[in-house]
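1. Give me coordinates for this.
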Amino acid sequence: AVVSTQSTGGPGYACMNDVTVIQTSQGFGKYLLEVQEAAAKENGVAIGFDARHNSARFAQLAAVAMIRLGIPVHLFSDFTPTPLLAYSVRKYKTAAGIMITASHNPKSDNGYKVFWSNGAQIIPPHDSNIARHILENLDIHSDAWNVELLSTTKLRTDPYDDIIENYYKDLENYVVGDKNSLASSKLKLTYTPMHGVGQKFMKKSFGVFGLNPFISVEEQCEADPEFPTVEFPNPEEGKSALDLAMKTADANGSDVIIANDPDADRLACAERTSSGSWSVFNGNELGAILGTVAYENFKSTHPDFPNEKLYMVASTVSSKFLKSMARKKGFLFEDCLTGFKWMANYALRKMEEGYTCLFAYEESIGYMYGTNVMDKDGISAGPVLGTYASKLYDKGSTLASYLDSLYTEYGYHISNDSYYLCYDPPTILTLFRALREPSYPESCGKYKIVGIRDVTTGYDSSFEDKKSVLPTDPSCQMLTFVFENGCVGTLRTSGTEPKIKYYTEIISPPGIHLSRETLAEQLLDLKNTLIETFLQPSKHGLKPKAV
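-> So this is what the prediction gives:
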């Protein structure tokens, strides 16, 4: 097993199984005792798991490994959303957290996600140091499989009820206005947990915000590791993953759908259009809506709080909408490397400097609303979005209309993102090497390139010293191209899936009278040129995202 990533279950050291989970936990525990022994022995480690095959067992084996090292464990007794595990790390001031989950990956996968004592996912040097300690502690004692120890030892506690109580108590801080007024809302909301853990947790979140109960997608509301109704249990896939939710909404006169992925850290949303069809918001569109809501809600309760002490964060491949908004409103905005491990750790550093983080997001439908949880949290973002949608509908508006009003104020920010599948790592290396050697390209088809950033090597042409301000990450292939027409395109590999992702965006400042359709057409042409010129799917045997 590789710390913080997923691996298909099965025998052998390249897969996630009893042996690799025990070895990973032994090494991780030894590292904790080396770098923060007092916290590890006093406050222990929080351990949670999702509803996938073997998740509960892997969590138990990880707990036994920690206990055998004298480290107390707060082991959840039932499956839980990833954000509640992240929350528990900060609540109990534990030395670390372990979440057994493969998030939205296929059913054959599972994963071992690590959080540090600050409640955020680990970043260097902890990742490589943990990996080294794992390799130094591969021998397994026969007692390592003795999960019966968990029912007799004093070093194991069950945080399940306490964490749920405190999580929702803190969630009440994000309720703005009279929540009782929502009882008369005309909007019917449909919800699906995508066969994951979210159903009862989202139900409780709706109650905290005063929202009417949502309409459940009955075929998907129970946790089921087989994910029988979807090919990929990932709401980011769009309509193909939300078919049943749309049918349920149609049958019940519901106009808005919200969905979590199986571990409930991501949030998707679809809305019925005026023609009766369904439109799925992409991650950037939801990021624009939720970011604006975060700002408006905070200022409504803190009208005199100085904007220069507020900030928002987004991954560098996400839309620059929040940057445009920050420029106009006077708060701070920062780009970070892709992944909440980078955004959350940056947010924590700014909090230590006296700033208030309102919102962070990545285009892959991950949203951190506030700082109760220093990671993406679909269980809190869901009712925030549902509340605002209800208020819009009661005024005769829609989420799509609200998004258009934001584009009118801050300028259109149109993105077109997707991916290709590539199961051959050497092909990926060859593809990206060709974009660097013998030199970076000066154009992409008819589109002239005026700037290049290469996070893999640390190069950035926009600075005099040609060094990127973003951390260099040799483990990930990532190239960003800035074009003369103002468009931006990025190619990067996924850290957890066999994907080459592409991200493109075109921005039209306020007052520039180009229609959304015209901008989308311009971006589509650039995207297609980027794919055919740089990715060359036919040549490299890349498979497009299934429609």
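2. CA only for contacts and neighbour counts going forward, please
-> Noted.
3. centroid residue for this protein?
-> residue 366 (3.3 Å; C-alpha atoms, centre = their mean).
4. my guess is that one contacts residue 374, does it?
-> No. Counting by C-alpha atoms under 8 Å, residue 366 sits too far from residue 374 to count as a contact (11.8 Å).
5. Find residues that contact each of these two.
-> Residues touching both residue 366 and residue 374 by C-alpha atoms under 8 Å, 6 or more residues apart in numbering: none at all.
6. doesn't residue 312 make contact with residue 358?
-> Yes. Shown here, residue 358 and residue 312 form a contact pair, counting by C-alpha under 8 Å, at 5.8 Å.
7. which stretches of the stretch 201-350 of the chain aren't confidently modelled?
-> The stretch 201-350 of the chain contains no residues with pLDDT under 70.
8. As a check, name the ranges of all strands in it.
-> 215-216, 256-260, 267-272, 278-280, 310-315, 332-336 (DSSP state E, counting those that start in this stretch).
9. go on, the stretch 401-547 of the chain?
-> 412-421, 443-444, 447-454, 459-460, 478-483, 488-493, 499-508, 543-544.
10. Dump these into a markdown table; add mean neighbour count as well.
-> Formatted as a markdown table, the strands of the stretch 401-547 of the chain follow (neighbours: other C-alpha atoms under 10 Å):
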| stretch | mean neighbour count |
| --- | --- |
| strand 412-421 | 20 |
| strand 443-444 | 16 |
| strand 447-454 | 19 |
| strand 459-460 | 20 |
| strand 478-483 | 22 |
| strand 488-493 | 23 |
| strand 499-508 | 22 |
| strand 543-544 | 14 |
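11. Turn those strands into TSV, including distance to residue 216.
-> What follows is these, written out as TSV (distance: least, C-alpha to C-alpha, whole Å):
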stretch	distance to residue 216
strand 412-421	29
strand 443-444	47
strand 447-454	45
strand 459-460	48
strand 478-483	39
strand 488-493	35
strand 499-508	32
strand 543-544	32
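12. possible to save those as JSON lines with mean pLDDT and distance to residue 327?
-> Formatted as JSON lines, the strands of the stretch 401-547 of the chain follow (pLDDT from 0 to 100; distance: least, C-alpha to C-alpha, whole Å):
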{"stretch": "strand 412-421", "mean pLDDT": "95", "distance to residue 327": "15"}
{"stretch": "strand 443-444", "mean pLDDT": "97", "distance to residue 327": "30"}
{"stretch": "strand 447-454", "mean pLDDT": "96", "distance to residue 327": "22"}
{"stretch": "strand 459-460", "mean pLDDT": "96", "distance to residue 327": "23"}
{"stretch": "strand 478-483", "mean pLDDT": "96", "distance to residue 327": "20"}
{"stretch": "strand 488-493", "mean pLDDT": "96", "distance to residue 327": "19"}
{"stretch": "strand 499-508", "mean pLDDT": "95", "distance to residue 327": "14"}
{"stretch": "strand 543-544", "mean pLDDT": "94", "distance to residue 327": "37"}
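13. Quick one: classify residue 47 as helix, strand or coil.
-> Secondary structure assignment for residue 47 (DSSP: H, G, I helix; E, B strand; the rest coil): strand.
14. Surely it touches residue 58?
-> No. Applying C-alpha under 8 Å as the test, residue 47 and residue 58 come out as separate, 10.1 Å apart.
15. Are there residues contacting both of these two? Which ones?
-> Common contacts of residue 47 and residue 58 (C-alpha under 8 Å, 6+ apart): residue 100.
16. So which of residue 358 and residue 312 has more stuff around it?
-> Taking other C-alpha atoms under 10 Å, residue 358 and residue 312 do not tie; residue 312 has more neighbours (26 against 21).
17. show me the contacts for that one.
-> 291, 322, 331-334, 357-360.
18. sorry, back to before: single out the most deeply packed of the strands of the stretch 201-350 of the chain.
-> Burial of the strands of the stretch 201-350 of the chain is given as mean neighbour count (mean count of other C-alpha atoms under 10 Å); strand 256-260 ranks first at a mean of 27.
19. how close does the residue of the chain positioned farthest from its centre sit to residue 68?
-> What lies farthest from the middle of the chain is residue 142; by C-alpha atoms, centre = their mean that is 37.5 Å. Computed as C-alpha to C-alpha, to the nearest Å, the residue 142 to residue 68 distance reads 11 Å.
20. With residue 340 instead?
-> 31 Å.
21. thought residue 74 was touching residue 156?
-> Yes. Contact criterion C-alpha under 8 Å: residue 74 and residue 156 qualify, at 6.0 Å.
22. from memory residue 481 sits against residue 488, does it?
-> Yes. Contact criterion C-alpha under 8 Å: residue 481 and residue 488 qualify, at 5.8 Å.
23. picking up where we left off before, dump the strands of the stretch 201-350 of the chain into a markdown table; add distance to residue 441 as well.
-> Converted to a markdown table, the strands of the stretch 201-350 of the chain look like this (distance: least, C-alpha to C-alpha, whole Å):
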| stretch | distance to residue 441 |
| --- | --- |
| strand 215-216 | 50 |
| strand 256-260 | 40 |
| strand 267-272 | 36 |
| strand 278-280 | 35 |
| strand 310-315 | 24 |
| strand 332-336 | 24 |
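24. quick one: which of the ones you listed is nearest residue 520?
-> strand 278-280 (15.7 Å; C-alpha to C-alpha).
25. Listing partners with orientation, what would you give for that closest one?
-> Its sheet considered, strand 278-280 pairs with strand 267-272 (antiparallel) by DSSP bridges.
26. List the buried residues in stretch 288-303.
-> If you call a residue buried by 16 or more other C-alpha atoms under 10 Å, then stretch 288-303 has these buried ones: 288-295, 297-298.
27. so of the residues you listed, which ones are in helices?
-> Those of the buried residues of stretch 288-303 mapping onto helices are 288-295, 297-298, per DSSP state H.
28. can you redo those as a markdown table with distance to residue 410?
-> A markdown table is the format used below for those (distance: C-alpha to C-alpha, whole Å):
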| residue | distance to residue 410 |
| --- | --- |
| 288 | 10 |
| 289 | 12 |
| 290 | 15 |
| 291 | 13 |
| 292 | 11 |
| 293 | 14 |
| 294 | 16 |
| 295 | 14 |
| 297 | 18 |
| 298 | 19 |
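29. Can you verify residue 191 is assigned to a strand?
-> Yes. According to three-state DSSP, residue 191 belongs to a strand.
30. That one: how many residues sit nearby?
-> 29.
31. contacting residues around it?
-> 214-217, 245, 257-259.
32. The residue nearest to it when sequence neighbours are not counted and residue 319: what is the separation?
-> Of all residues not flanking residue 191 in the chain, residue 258 sits nearest, at 5.0 Å (C-alpha to C-alpha, 6 or more residues apart in numbering). Per C-alpha to C-alpha, residue 258 is found 21 Å from residue 319.
33. before we move on, what about residue 172?
-> According to C-alpha to C-alpha, residue 172 and residue 319 sit 29 Å apart.
34. you'd agree residue 107 is in a helix?
-> No. With three-state DSSP as the criterion, residue 107 is coil rather than part of a helix.
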